[in-house]
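1. coords please:
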Amino acid sequence: MKKTLLILILLVAAFVSCTKPVDFGNISVGIHYSVNGKPLVTDTLCYENEAGNRFLITEIQWFLSNIQLLGQDGQWHTLKHLDVENPNAVETEHIFYIDTDIPESHTLHGQKIPIGHYSLLRFTFGLDENDNQTGIFNDSPESEMFWPYVLGGGYHYMKLNGKFVDSEGRLNPLAIHLGIGQNEDCTEFYQNYFIVEFPIDFDVKANAENSIDLTMVIDNWFRNPHTIDFDEFGSHIMQNQTAQRLISGNGKDVFKIGEPTDNENNTIMEKDNKLAEKFKNVMQKAAPKPHFWSWESVKDRIGNPKIQDSKI
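-> From the prediction side, this is the model:
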């Protein structure tokens, strides 16, 4: 009996000594904003949406929650932050408040997660029905995001505020406030949050700054697949489920991995492709020299004075 017990103890000791401790790495998410492929400029009337509305943005306040990374072990690892002022507030540690006017909110600092390779990133824009409960935030600025109880309670997903020029040339408030939707008599409520998922090639290393950049492409809120006309849906949409549904439905391509400069070339290419398609359609009825009347050839001649002066 003693011999058997000794063997068991030795086996356990050997197993423990051969098991490597799991190393962890810090991780952060940098938040950026872009319009037309360039970094957001606030308080300047310099933008135009797909519907032709000129607009400016003053501030964006929003919630990002349930940020998760898929590891090689097949497990999702949730990015959580510590509330240094209220360390017992574990119920909100997976919810991040972000505000264009609060610089420290532009980088989300998470608790350590296991080192290794991660292949997918996903998160919830706004708050899901489990998290979106009235009263979970008692302090400003999060508490100021409250959504009226009669409209479903909880909190705004996002307040995108600014101004736009209406069809009569007047400057009106722009208030894209997303949250829980409701029917006309507020007897039924609808969840308008959505989940975003990206493939990534990301390694978390120990003793290193492991960071991911995430950009909100603001103009995409208003154009794909639904064109949003601010004269119709520019303000007072909290009680307009049609507006809530259409704008949230545009959210599928609002977020991009990378900084705004990383998206600029993609935006230029998309516009160039659209111009090329329009040019092709116009030229289908013409019969000039085929070697010249191509979009690429025209671009070359416009950009090169020597070619412009040469014989066609």
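
2. could you say what helices and strands the helix or strand containing G249 packs with?
-> Per DSSP states H and E, G249 falls inside helix 241-249. Judged by 3 or more CB pairs under 8 Å, 6 or more residues apart in numbering; DSSP states H and E, the packing partners of helix 241-249 are strand 171-178, strand 181-182, strand 189-190, helix 230-233. For glycine as for every other residue, the C-beta is placed from the backbone atoms N, C-alpha and C.

3. one more time with 7 Å
-> Packing partners of helix 241-249 (3 or more CB pairs under 7 Å, 6 or more residues apart in numbering; DSSP states H and E): strand 171-178, strand 181-182.

4. and W221, that one's in a strand?
-> No: assigned with DSSP: H, G, I helix; E, B strand; the rest coil, W221 falls outside any strand and is helix.

5. count of neighbours near D201?
-> Using other CB atoms under 10 Å, D201 has 7 neighbouring residues.

6. same check on E209?
-> Neighbours of E209 (other CB under 10 Å): 9.

7. domains for this protein, by residue range?
-> Using automatic domain parsing, the domain ranges for the chain come out as 21-258, 271-309.

8. quick one: low-confidence ranges for the stretch 1-150 of the chain?
-> 1-22, 82-91 (pLDDT under 70).

9. which residues of the stretch 151-300 of the chain fall in strands?
-> Remark: strands assigned in the stretch 151-300 of the chain by DSSP state E, counting those that start in this stretch are 158-165, 171-178, 181-182, 189-190, 194-204, 210-217, 255-257.

10. of all those, which one is nearest G52?
-> G52 lies closest, by CB to CB, to one member of those: strand 158-165, at 9.7 Å.

11. what's the helix or strand for the nearest residue to F202 once chain neighbours are set aside?
-> In this structure, F202 finds its nearest non-sequential neighbour in Y118, 4.6 Å apart by CB to CB, 6 or more residues apart in numbering. Assigning secondary structure by DSSP H and E places Y118 in strand 116-125.

12. and the angle from the helix holding G249 to strand 116-125?
-> 160 degrees (axes from the mean of the first three to the mean of the last three CA atoms, to 10 degrees).

13. and helix 241-249, C-alpha only, in PDB?
-> The C-alpha coordinates for helix 241-249 follow below in PDB (Å, rounded to 0.1, in the frame of the first residue of the first chain):
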ATOM      1  CA  GLN A 241     -37.800  51.900 -35.700                       C
ATOM      2  CA  THR A 242     -37.700  52.200 -39.500                       C
ATOM      3  CA  ALA A 243     -34.700  54.500 -39.200                       C
ATOM      4  CA  GLN A 244     -33.100  52.400 -36.400                       C
ATOM      5  CA  ARG A 245     -33.400  49.300 -38.600                       C
ATOM      6  CA  LEU A 246     -32.100  50.900 -41.800                       C
ATOM      7  CA  ILE A 247     -29.100  52.600 -40.200                       C
ATOM      8  CA  SER A 248     -28.200  49.600 -38.000                       C
ATOM      9  CA  GLY A 249     -28.500  47.500 -41.200                       C
END
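
14. got the angle for that helix vs strand 171-178?
-> With the same axes, to 10 degrees defining the directions, helix 241-249 sits at 70 degrees from strand 171-178.

15. so what touches helix 241-249?
-> 176, 178, 181-183, 190, 192, 194, 221, 226, 228, 233, 237 (CB atoms under 7 Å, 6 or more residues apart in numbering).

16. mind redoing it with 6 Å?
-> 181, 190, 192, 221, 226, 233, 237 (CB atoms under 6 Å, 6 or more residues apart in numbering).

17. of all pairs in those, which one is the farthest apart?
-> Spatially, the most separated pair among those is Y190 and W221, at 18.4 Å (CB to CB).

18. which of those two has more residues huddled nearby?
-> With neighbours defined as other CB under 10 Å, Y190 and W221 compare such that W221 has more, 22 against 13.

19. am I right that that one is in contact with D253?
-> No: counting by CB atoms under 6 Å, W221 stays clear of D253, with 9.8 Å between them.

20. ok now the strand ranked longest in the chain, how far from the chain's centre?
-> Once the chain is assigned using DSSP state E, the strand that runs over the most residues is strand 54-71. Distance, stretch centre to chain centre, for strand 54-71: 5 Å (CA atoms, centre = their mean, to the nearest Å).

21. which of the residues in it are buried?
-> 54-57, 60-71 (16 or more other CB atoms under 10 Å).
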